[in-house]
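Colleague: Sharing a model that was predicted from the sequence below.
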Amino acid sequence: MGSSVTPWSDEILEVIGMVAPGSELHDGLENILRARTGALIVIADEEQEVLPLKDGGFFIDTPFTPAALYELAKMDGAILLSSDAKRILYANTQLHPDPSIPSRETGTRHRTAERVAKQTGALVISISQRRNVITLYRRDWKYVLKDVSVILAKANQAIQTLEKYKVVLLQNLNTLTAMEFENAATVLDVALVIQKAQMVERIADEIERYVTELGIEGRLVKMQLEELMANVENEGLLVVEDYMLLPEKTSKEIWEQISLWSSEELLDVGAIAKALGYSGSMNYLEQIVYPRGYRVLNKIPRLPQNVITNIVSTFEEMPEIVAASIEELDDIEGIGEVRARAIQEGLRRIKSHALLERLP
């Protein structure tokens, strides 16, 4: 799968969304790019210490329009926008950030942009007149905007990869389900499913990044992603909830811990077993383990989460749930006779499907 892609924070996603195709800011930046005039644009609240760094220029305080941004960029100085990029506050102003702040950039405009971003935490956009590229800076984060066609090609390639990984994940999930009903699931089976589910989620996260960058151009990609993830999105998390042995942690905490691993670390099934609370030794990977039943019960239609929790709390392990009588299920809070029969029928249907799918 290659190196892992670290999911962007909500703050970075918001920044990318502000300049994505379909936004007024994107239209203004594209106009400047095509005209090859270059620009330095700061988007920040006044209290972000940007104003003390500025020198001269014109106070405008006018509604933002792409045409206005383009015209003002013809002047040499920086342009200051409000934090929501809805108003143009200043134009043709000089910025003087702390020169002792380290910068990896070579051009004067880019050095100034990087230092202002680091010093104030503002979003700073630098458009290179010579190289004809748009670069975003926010604190220590830097990102060069790519052409829509390039992003779209990468997104489509990632969608194809996701389709292949999803097929493998579904095969592993079905095998695990069949083994669970046969009381034969091992720690290795569990670790392999979590591994594949993590891989699928990482690819999906990468596609989400592309969708954000594409803006209105990414609608079809987003629809494909939603369709592909519809029936597998929470499967990995439910497997963790079924098998984890660490009462001091939640299933979400364990899942997120594993999501921070590198691709190489994720290939170690022993490490995944340890993250769940098991021994990571090869001998222990072959040990039979029993699920609590969260994942299978979530496959039964119209079964509320509080009822699922009550069932698991009562029986503790899935074999006990499968073997439960109508009367035993009926005794659980939130379950009447009709729902008890629906649960039994649902479990039978899931078992039959899993065993049938596993046949060569």
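Modeller: Yep, it's here.
Colleague: which stretches of this structure have low pLDDT?
Modeller: The model of the chain has pLDDT under 70 over residues 1-7, 46-48, 280, 359-360.
Colleague: Does the most centrally placed residue in it fall in a helix, a strand, or a coil region?
Modeller: Within the chain, one residue has its C-alpha closest to the average C-alpha position: by CA atoms, centre = their mean, that is Asp205, at 3.9 Å. Secondary structure, DSSP: H, G, I helix; E, B strand; the rest coil: Asp205 is helix.
Colleague: heads up, I number from 171, so please use that
Modeller: Sure thing, new numbering starts at 171, so read that last one as Asp375.
Colleague: Now do stretch 344-362: everything it contacts.
Modeller: Around stretch 344-362, the neighbours that count as contacts under CB atoms under 8 Å, 6 or more residues apart in numbering are 342, 363, 409, 412-413, 439-440, 442-443, 446, 448, 454-461, 465-466, 488-489, 492, 520-521, 524-525, 527-528. C-betas here are computed from N, CA, C, even on glycine.
Colleague: would you put the C-alpha positions of that stretch in PDB?
Modeller: Only the C-alpha atoms of stretch 344-362 are listed here, as PDB (Å, rounded to 0.1, in the frame of the first residue of the first chain):
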ATOM      1  CA  ASN A 344     -16.900 -13.200   6.100                       C
ATOM      2  CA  THR A 345     -14.300 -15.800   7.200                       C
ATOM      3  CA  LEU A 346     -14.200 -14.300  10.700                       C
ATOM      4  CA  THR A 347     -18.000 -14.400  10.900                       C
ATOM      5  CA  ALA A 348     -18.100 -18.000   9.800                       C
ATOM      6  CA  MET A 349     -15.400 -18.900  12.300                       C
ATOM      7  CA  GLU A 350     -17.300 -17.100  15.100                       C
ATOM      8  CA  PHE A 351     -20.400 -19.200  14.500                       C
ATOM      9  CA  GLU A 352     -18.300 -22.300  14.600                       C
ATOM     10  CA  ASN A 353     -16.500 -21.200  17.800                       C
ATOM     11  CA  ALA A 354     -13.200 -21.400  15.900                       C
ATOM     12  CA  ALA A 355     -12.000 -17.800  15.500                       C
ATOM     13  CA  THR A 356      -8.400 -17.200  16.500                       C
ATOM     14  CA  VAL A 357      -6.500 -14.100  17.500                       C
ATOM     15  CA  LEU A 358      -4.800 -14.300  14.100                       C
ATOM     16  CA  ASP A 359      -8.200 -14.100  12.300                       C
ATOM     17  CA  VAL A 360      -9.100 -11.100  14.400                       C
ATOM     18  CA  ALA A 361      -5.800  -9.300  13.800                       C
ATOM     19  CA  LEU A 362      -6.000  -9.900  10.100                       C
END
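Colleague: chain center to it: distance?
Modeller: The offset between the C-alpha centroid of stretch 344-362 and the centroid of the whole chain comes to 28 Å, using CA atoms, centre = their mean, to the nearest Å.
Colleague: repeat for stretch 414-431
Modeller: Averaging C-alpha coordinates over stretch 414-431 and over its chain gives two centres that are 17 Å apart (CA atoms, centre = their mean).
Colleague: So which bits of that stretch are buried?
Modeller: Buried positions in stretch 414-431, judged by neighbour count with 16 or more other CB atoms under 10 Å: Met414, Lys419, Ser421, Ile424, Trp425, Ile428, Ser429, Trp431.
Colleague: cool, stretch 233-250 as well?
Modeller: The neighbour-count criterion (16+ other CB under 10 Å) identifies Phe234, Pro236, Ala238, Leu239, Tyr240, Leu242, Ala243, Gly247, Ala248, Ile249, Leu250 as the buried residues of stretch 233-250.
Colleague: Excluding residues flanking it in the chain, which one is nearest Val492?
Modeller: Leu517 (5.7 Å; CB to CB, 6 or more residues apart in numbering).
Colleague: Now do the contacts for that neighbour.
Modeller: For Leu517, the residues meeting the contact criterion (CB under 8 Å, 6+ apart) are Val466, Ile470, Ile491, Val492.
Colleague: the domain parsing of this protein - what is it?
Modeller: Per automatic domain parsing, the domain ranges recorded for the chain read 190-314, 317-461, 462-530.
Colleague: just so I know, which of the ones you listed lies nearest Ile182?
Modeller: The stretch from the domains of the chain with the least distance to Ile182 (CB to CB) is domain 190-314; that distance is 6.4 Å.
Colleague: roughly how far is the closest one from the heart of the chain?
Modeller: Using CA atoms, centre = their mean, we find the averaged C-alpha position of domain 190-314 to lie 28 Å away from the chain's own average C-alpha position.
Colleague: what's the answer for stretch 448-465, then?
Modeller: 28 Å.
Colleague: just the CA coordinates of that stretch, formatted as CSV?
Modeller: As requested, the backbone C-alpha atoms of stretch 448-465 are provided in CSV (Å, rounded to 0.1, in the frame of the first residue of the first chain):
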residue,chain,number,x,y,z
TYR,A,448,-3.3,-10.3,23.9
SER,A,449,0.2,-11.8,23.8
GLY,A,450,1.8,-11.2,20.5
SER,A,451,3.6,-14.5,20.3
MET,A,452,3.1,-16.8,17.3
ASN,A,453,1.7,-19.6,19.5
TYR,A,454,-0.8,-17.2,21.1
LEU,A,455,-2.0,-16.1,17.7
GLU,A,456,-3.5,-19.5,17.1
GLN,A,457,-5.6,-19.4,20.4
ILE,A,458,-9.4,-19.6,20.0
VAL,A,459,-11.2,-16.5,21.1
TYR,A,460,-14.9,-15.6,21.4
PRO,A,461,-16.4,-12.3,20.4
ARG,A,462,-18.8,-10.4,22.6
GLY,A,463,-21.3,-10.2,19.7
TYR,A,464,-21.4,-6.5,19.0
ARG,A,465,-20.5,-6.8,15.3
